[in-house]
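Okay, structure incoming, though there's no sequence with it:
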């Protein structure tokens with residue numbers, strides 16, 4: 001299959017990136033990812049090494065959010081940038097606004113949130129500012145106006161959403177267009193353990209509207225690396241794509257077969273599959289080795305037969321998890 005070598009976000013036409021980024025949910029997070037608690041090998045030093053290794057591999061998109069580690073993810077990125085003069089201009093920096101239902105004055109609250117993110121990041125603007133989920137009680141028009149205002153103020157270069165369905169994405173795309181602002185991205189959970197964005201038509205809708213799909217948890221929070229199994233389950237705190245490990249083992253077996261053909265790791269095959277679907281995966285990286293391994297998803301392609309083999313074992317979303325009310329995409 002043909003490899004997309006670069007991706008350009010609407011609104012960031014002068015900043016093409018490789019079709020791979022770094023998700024920083026785990027940076028500064030102890031409750032889900034065990035930083036400084038259950039995982040003593042994981043620290044701000046190893047994060048800095050992952051950051052540098054990502055840049056060395058040409059991976060320049062870094063995605064964070066105001067709620068990651070209660071703001072600590074943004075603070076860590078701010079310290080990394082402060083210690084590396086000149087790096088800010090080389091990266092695409094993305095963060096998010098959590099639109100809790102009680103944030104009724106969404107224009108004021110979103111402006112306040114992005115200003116707080118900028119302080120923590122130590123920058124005067126971000127490249128991509130996203131609404132974290134479709135949980136606001138306000139209309140798409142109100143949310144679009146809030147995004148448009150911070151874009152016009154120069155606090156972000158481009159705007160996006162996360163976890164939006166086809167209908168929701170189409171609606172806010174229309175409202176933003178009426179204000180002269182393109183919708184740059186829709187960040188959704190996409191992996192061989194959650195193929196739903198493809199089967200629901202969401203990826204096709206993104207392509208039709210010119211919206212870049214960003215794929216979080218593209219290796220199923222570690223489930224697709226081959227590290228875990230039914231006999232060695234993933235930590236219970238990682239509850240996305242929480243299929244029984246017996247089902248996951250069958251997916252990993254197919255991934256291993258493809259990986260052996262290409263001389264790649266299972267994680268690299270899982271990431272490559274996501275890229276072949278037209279999305280930009282943003283896996284996490286806790287250390288330099290993980291960052292380098294992630295970058296190994298670039299520079300090669302799966303065959304149509306490989307993709308068909310993986311499609312045949314891919315799973316759809318788990319629909320019984322009660323705290324997924326924000327996950328429509």
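Thanks, I have it. Just so we're clear, the structure is a prediction, and the values are computed from it rather than from any experiment.

wait, doesn't residue 130 sit right on residue 94?
Yes: using CB atoms under 8 Å, residue 130 is in contact with residue 94, at 6.5 Å. Just so you know, the C-beta spots here come from the backbone N, C-alpha and C atoms, and that holds for glycine as well.

Need the residues touching each of these two.
Common neighbours of residue 130 and residue 94, counting by CB atoms under 8 Å, 6 or more residues apart in numbering, are residue 160.

Helices along the stretch 151-300 of the chain, start to end?
Assigned helices in the stretch 151-300 of the chain, in chain order: 166-178, 196-199, 202-209, 245-262, 266-276, 288-295 (criterion: DSSP state H, counting those that start in this stretch).

which stretch among those helices comes nearest residue 86?
helix 288-295 (19.6 Å; CB to CB).

who does the closest one touch, helix- and strand-wise?
Judged by 3 or more CB pairs under 8 Å, 6 or more residues apart in numbering; DSSP states H and E, the packing partners of helix 288-295 are helix 44-56, helix 266-276.

Which residues outside the first one are in contact with it?
Helix 44-56 is touched from outside by 22, 27, 60, 62, 76, 79-80, 83, 87, 90-91, 285-292, 294-295, with contacts defined as CB under 8 Å, 6+ apart.

try the last one
Taking CB under 8 Å, 6+ apart as the criterion, the residues outside helix 266-276 that touch it are 1, 3-4, 19-20, 190-192, 215, 218-220, 224-226, 252, 255-256, 258-259, 262, 264, 281, 283, 293-294, 296-297, 300-302, 307, 310.

chain center to that helix, what's the gap?
Offset of helix 266-276 from its chain centre (CA atoms, centre = their mean, to the nearest Å): 14 Å.

What average pLDDT does that helix get?
For helix 266-276, mean pLDDT rounds to 98.

got it, and stretch 252-261?
Mean predicted lDDT for stretch 252-261 stands at 97.

just how off-centre is it within its chain?
Worked out by CA atoms, centre = their mean, stretch 252-261 lies 24 Å from the chain centre.

what's the first-to-last distance across stretch 159-171?
14 Å (CA to CA, to the nearest Å).

Also stretch 281-298?
End to end - CA to CA - stretch 281-298 spans 11 Å.

tell me the phi and psi of residue 200?
Phi and psi for residue 200, reported as degrees, to the nearest 10, are phi -80, psi -10.

Near it, how many other residues are there?
17 (other CB atoms under 10 Å).

Check residue 96 too.
25.

Quick one: classify it as helix, strand or coil.
Of the three states, residue 96 takes strand under DSSP: H, G, I helix; E, B strand; the rest coil.

Report the beta-bridge partner residues of it.
residue 130 (DSSP bridges).

What distance do you get for it to residue 162?
6 Å (CB to CB, to the nearest Å).

Now for these two: what residues contact both?
Joint contacts of residue 96 and residue 162 (CB under 8 Å, 6+ apart) are 130, 131, 132.

Tell me which of the helices of the stretch 151-300 of the chain sits most buried.
Most buried of the helices of the stretch 151-300 of the chain, by mean neighbour count (mean count of other CB atoms under 10 Å): helix 266-276, with a mean of 25.
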